[in-house]
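Participant: Model the following, please.
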Amino acid sequence: MNSKILYIVFLLFLSYTSLGQLKIRNLSLTKPDSNIIYIGIDNKIQLLGLADLNRIKLTLGEKQSILSNGIFITGISAPGKFEMEVYKGNKQLLSREYIATRVPEPQCGLAYFRDTILSIPQIIAIKTVKAFMPHCILKLQIAVVHFDLSVTTTSGNVKYLGSGFGNTLSPDQIQKILLLHSGDKLNFDSIKISGPDMGAVIDRFYIIIK
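Facilitator: Numbering: from 1, shown residues only. As a prediction, this is how the structure comes out:
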């Protein structure tokens, strides 16, 4: 086997190795190797295994992505299954199926407790109202910035206990909670969060005193 043939075989080996190591990662997710892609946001796609992005094109459902600082920005507007494809020129290097899903509505709870029963010591120990998105792996920083608190007593009377201290029970609210009785219901209302929906009332929940 002459040197020219060996050189061609070597180039083919390098090409195969490079493609074998090519990997798509979604940096917008807490699990970047997942095949989930979220609707209505800029998904930041990283290609691993390619040293040179010259003439590299990435498409999702036939829509070409935008390359910015080594990261492809791609989006989708409808749920379903879509092929994400990587090309160098007109040659396809990789294809992977992605599932497009909607970003769920945020929920809130005392930590992650909502619509449940807790003791007064548990409530005071936790004292923080958190915002979260169930079963969602999107990297999105959201936090509660306001909530109102009231109590519905076992006799049916409703009393306003004031607004929270940002996302935390205020000292005054804690003192009032210490005076409550088993069966009284704490109502967390008018909850607002930071982030894309800042200023909007997004949720409400309750905690019944054990």
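Participant: Not counting residues beside it along the chain, what's closest to Gly89?
Facilitator: Taking CB to CB, 6 or more residues apart in numbering, and ignoring the residues beside it in sequence, Gly89 has Arg55 as its nearest neighbour in space, at 5.2 Å. All C-beta spots, glycine's among them, are computed from the backbone N, C-alpha and C.
Participant: From Gly183, how far off is the one you found?
Facilitator: In this structure, Arg55 and Gly183 are separated by 69 Å, where distance is defined by CB to CB, to the nearest Å.
Participant: what residues are up against the residue sitting nearest the centre point of the chain?
Facilitator: Ranked by distance to the mean C-alpha position of the chain (CA atoms, centre = their mean), the top residue is Leu138 at 2.4 Å. Under the criterion of CB atoms under 8 Å, 6 or more residues apart in numbering, the contact partners of Leu138 comprise Ser28, Leu29, Thr30, Tyr38, Ile41, Val103.
Participant: what about the first one, how many neighbours?
Facilitator: In other words, Ser28. The burial count assigned to Ser28 is 21, neighbours taken as other CB atoms under 10 Å.
Participant: Correct me if wrong: it contacts Ile41.
Facilitator: Yes. Taking CB atoms under 8 Å as the contact criterion, Ser28 and Ile41 are neighbours in contact, 6.8 Å apart.
Participant: which regions of the protein sit below the pLDDT cut-off?
Facilitator: Flagging of the chain using pLDDT under 70 yields the residue ranges 1-20, 196-201.
Participant: and it, what are its domains?
Facilitator: Partitioning the chain according to automatic domain parsing yields domains covering residues 3-101, 107-209.
Participant: wait, doesn't Lys81 sit right on Glu97?
Facilitator: Yes. The criterion here is CB under 8 Å, and Lys81 meets it with Glu97 at 5.8 Å.
Participant: Thr152 versus the closest residue in space to Thr153 that isn't next to it in sequence, what's the distance?
Facilitator: Counting by CB to CB, 6+ apart, Asp184 is the residue found nearest to Thr153 once chain neighbours are left out, at 5.2 Å. Asp184 sits at a distance of 7 Å from Thr152 (criterion: CB to CB).
Participant: Those two - which one has more neighbours?
Facilitator: Counting neighbours by other CB under 10 Å for Asp184 and for Thr152 shows that Asp184 has the greater number, 19 against 16.
Participant: Against which helices or strands is the longest strand along the chain packed?
Facilitator: Of all the elements of type strand in the chain, the one with the most residues (DSSP state E) is strand 91-101. Identification of packing neighbours for strand 91-101 by 3 or more CB pairs under 8 Å, 6 or more residues apart in numbering; DSSP states H and E yields strand 36-38, strand 80-88.
Participant: Make a markdown table from those and add mean neighbour count and distance to Leu169 to it.
Facilitator: Written out in a markdown table, the entries for the helices and strands packed on strand 91-101 read as follows (neighbours: other CB atoms under 10 Å; distance: least, CB to CB, whole Å):
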| stretch | mean neighbour count | distance to Leu169 |
| --- | --- | --- |
| strand 36-38 | 20 | 33 |
| strand 80-88 | 16 | 43 |
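Participant: nearest to Leu110, of the ones you listed?
Facilitator: strand 36-38 (27.3 Å; CB to CB).
Participant: Centre of the chain to that closest one, how far?
Facilitator: Strand 36-38 has its average C-alpha position 10 Å from the chain's average C-alpha position, going by CA atoms, centre = their mean, to the nearest Å.
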